[in-house]
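Novice: Let's see this in three dimensions:
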Amino acid sequence: MYCHNCGNAIDDDANHCKHCGQPVKNYGRYATFTNLREKEVGVGLIIALLVIGGGQMYAGKIARGFIILLAWVFLFIPVLALIIISDVVAGPYGGAFAVIAAFVIYIGYWVWSIYDAKITIERYNEALRNTGRPPW
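Specialist: Residues are numbered from 1 along each chain as shown. The predicted structure follows:
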């Protein structure tokens, strides 16, 4: 079989052309290019900044992104309970402390989800470069 990009002969079971590196899919005697492209880390980070779990979804980990988003939503319930209980038990200053603690928890979770999106996109790109296929 021959590479459609550079025209050199390649093995019939090759995933990439050994001369130009172009990924190919083998359908019998015919080789066709895969149209898989690497994910842009910057785009994924912008999505992750705007939507919790969005960067993971962009990288193809839909379930992981959805779970991160749901965890963010359900984290609201215990944090709200913490604010109410501390306001009742410790007075107005206890409520202020609880709001600050909630803010730190939410910001920490948000920053972690952005970092996780970056790592997930980098893993996707690395697997795509090494194998010519997406990892998941």
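Novice: In this protein, where is pLDDT below threshold?
Specialist: 1-2, 4-5, 25-35, 92, 94 (pLDDT under 70).
Novice: one more time with 80, if that's ok
Specialist: 1-9, 12-16, 24-36, 79-80, 82-84, 86-99, 131-133 (pLDDT under 80).
Novice: And Gly53, how far from Ala96?
Specialist: 30 Å (CB to CB, to the nearest Å). Any C-beta I mention is one placed from the backbone N, CA and C, and that applies to glycine too.
Novice: before we move on, what about Leu45?
Specialist: Applying CB to CB to Leu45 and Ala96 gives a distance of 32 Å.
Novice: So for these two, which residue has more residues nearby?
Specialist: Neighbours per residue, other CB atoms under 10 Å: of Leu45 and Ala96, the larger number sits with Leu45, 18 against 14.
Novice: Would you mind pulling up the elements that the helix or strand harbouring the more buried one packs against?
Specialist: According to DSSP states H and E, Leu45 maps onto helix 41-50. Under the contact definition 3 or more CB pairs under 8 Å, 6 or more residues apart in numbering; DSSP states H and E, helix 41-50 sits against helix 54-58, helix 92-131.
Novice: Go ahead and confirm Ile68 touches Thr120.
Specialist: No - taking CB atoms under 8 Å as the definition, Ile68 is not a contact partner of Thr120, at 10.4 Å.
Novice: distance of the spatially closest residue to His19 that is not a sequence neighbour from Trp112?
Specialist: Once flanking residues are discounted, His19 sits nearest to Asn8: 4.3 Å by CB to CB, 6 or more residues apart in numbering. Asn8 sits 46 Å away from Trp112, taking CB to CB as the criterion.
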